[in-house]
Structures are given as structure tokens and as C-alpha cells.
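Visitor: Give me the fold of what follows.
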Amino acid sequence: MTELDGLVAAVTGGASGIGKATVTLLRERGAAVASLDLVAEPTGAVELAVECDVGDSGSVDAAIAAVVERFGRLDILVNNAGIGATGDVSANNDDEWHRVFDVNVIGIARTSRAALPYLAASPHAAIVNTCSVVAVVGLPQRNQLSALNASRRASIW
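Guide: Numbering: from 1, shown residues only. Predicted coordinates for the structure are as follows:
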């Protein structure tokens with residue numbers, strides 16, 4: 001028996017990188033886990049892979065509903081999906097700024113909003129937000145993302 005036995009988790013950006021590692025860790029600790037990603041790629045660690053674009057409210061709502069339909073509940077939401085842009089502040093137009101902000105910041109709000117009714121019913125509810133190291137460490141040609149990712153610093157609500 002492990003500390004997350006019986007709990008259900010959804011991880012955005014769960015098909016690769018930190019999201020995939022998070023899916024694996026949650027499974028190892030006993031949770032049933034759904035990966036929400038642009039491409040639903042089932043892997044050995046995930047029990048449910050759901051296509052989800054955190055930049056689209058309808059997609060997010062459908063993905064969270066699919067998780068609850070499959071498992072009957074939702075206890076943990078990991079907001080991990082994120083994108084980046086390269087170049088300094090002058091290299092990107094408004095559309096690129098809006099795209100990054102929409103996914104990296106508003107995407108957290110969309111996914112959390114969709115999950116809240118289910119999390120409110122859980123005695124173990126948790127929302128975990130992750131972000132890129134760029135939030136706290138400057139990188140050449142990536143400095144414009146620091147301000148955007150600052151709002152994504154790891155936290156539990």
C-alpha cells in the first residue's frame with residue numbers, strides 16, 4: 001500500500017518530459033493517473049491518455065470529464081503543460097506573446113476551473129502547478145518567458 005492508493009490524478013503535458021515523469025511517480029505511489037496532452041499517447045505508466053489542448057476551454061472540459069467518467073472522481077490535478085518562445089522581447093510579435101500566455105498562464109486557470117467541482121468533492125484534493133526553470137533562472141534568448149512563468153512557480157493550492 002502506498003500513500004496515493006485509491007486517488008485519481010490528471011497531469012497536463014503528461015506525455016513527455018516532466019509530465020511523463022510525474023505520471024510515472026504518481027503511479028508508483030499508487031494513484032490512478034490520466035495523462036492530458038495534445039496527443040493522447042498511452043504509455044506503460046498511464047492508465048488513461050486523453051487528448052487535451054489547455055489553450056481551449058472545450059478541450060479542457062471534455063478531458064476532465066473523460067477522467068471523471070473513467071475513474072469516477074478526481075483528487076489531484078497537476079498543471080504541467082507549457083510552451084516556450086525563443087528570442088528576446090523584440091523577437092516575438094503580440095500573437096506569440098498571447099499564445100505563450102494563453103497556454104502557460106490561462107491554461108492553468110482553465111484546467112483548474114474544470115477540475116474544481118470534482119476536487120471539491122475529494123477529501124484529498126490538491127492542485128500542483130509546475131513551471132520551467134526559466135521562471136527563476138535566466139537563459140539567453142528565453143528571458144521573456146521568465147515573467148510569464150513566474151506565475152507558474154511550483155505551488156499547491
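Visitor: Report the contact partners of the closest residue in space to V8 that isn't next to it in sequence.
Guide: Closest residue to V8 apart from its sequence neighbours, by C-beta to C-beta, 6 or more residues apart in numbering: F71 at 4.3 Å. The C-beta positions use only the backbone N, C-alpha and C, and glycine is treated the same way. Contacts for F71 were tallied using C-beta atoms under 8 Å, 6 or more residues apart in numbering; they are 8, 32, 34, 48.
Visitor: host element of V68?
Guide: helix 57-71 (DSSP states H and E).
Visitor: following that helix, which helix or strand shows up next?
Guide: Following helix 57-71 in sequence, per DSSP H and E, is strand 76-79.
Visitor: Going by neighbour count, which residues of stretch 3-18 are buried?
Guide: The neighbour-count check on stretch 3-18 (16 or more other C-beta atoms under 10 Å) flags 4, 7-15, 18 as buried.
Visitor: Tabulate these (a markdown table), appending pLDDT and secondary structure.
Guide: Shown next, in a markdown table, are those (pLDDT from 0 to 100; DSSP: H, G, I helix; E, B strand; the rest coil):
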| residue | pLDDT | secondary structure |
| --- | --- | --- |
| L4 | 96 | coil |
| L7 | 98 | coil |
| V8 | 98 | strand |
| A9 | 98 | strand |
| A10 | 98 | strand |
| V11 | 97 | strand |
| T12 | 97 | strand |
| G13 | 95 | coil |
| G14 | 94 | coil |
| A15 | 93 | coil |
| I18 | 91 | helix |
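Visitor: Looking at these, spot the one nearest A65.
Guide: A10 (10.9 Å; C-beta to C-beta).
Visitor: Looks like that closest one contacts R73 (just checking).
Guide: No: assessed by C-beta atoms under 8 Å, A10 is found out of contact with R73, at 10.8 Å.
Visitor: Extract the residue ranges of this structure that are flagged as low pLDDT.
Guide: Filtered on pLDDT under 70, the chain yields the residue ranges 1, 134-135, 137-157.
Visitor: ok, 80 please
Guide: 1, 41-45, 87-89, 132-157 (pLDDT under 80).
Visitor: Okay, helices next: where are they in this structure?
Guide: 17-28, 57-71, 94-101, 107-119, 144-150 (DSSP state H).
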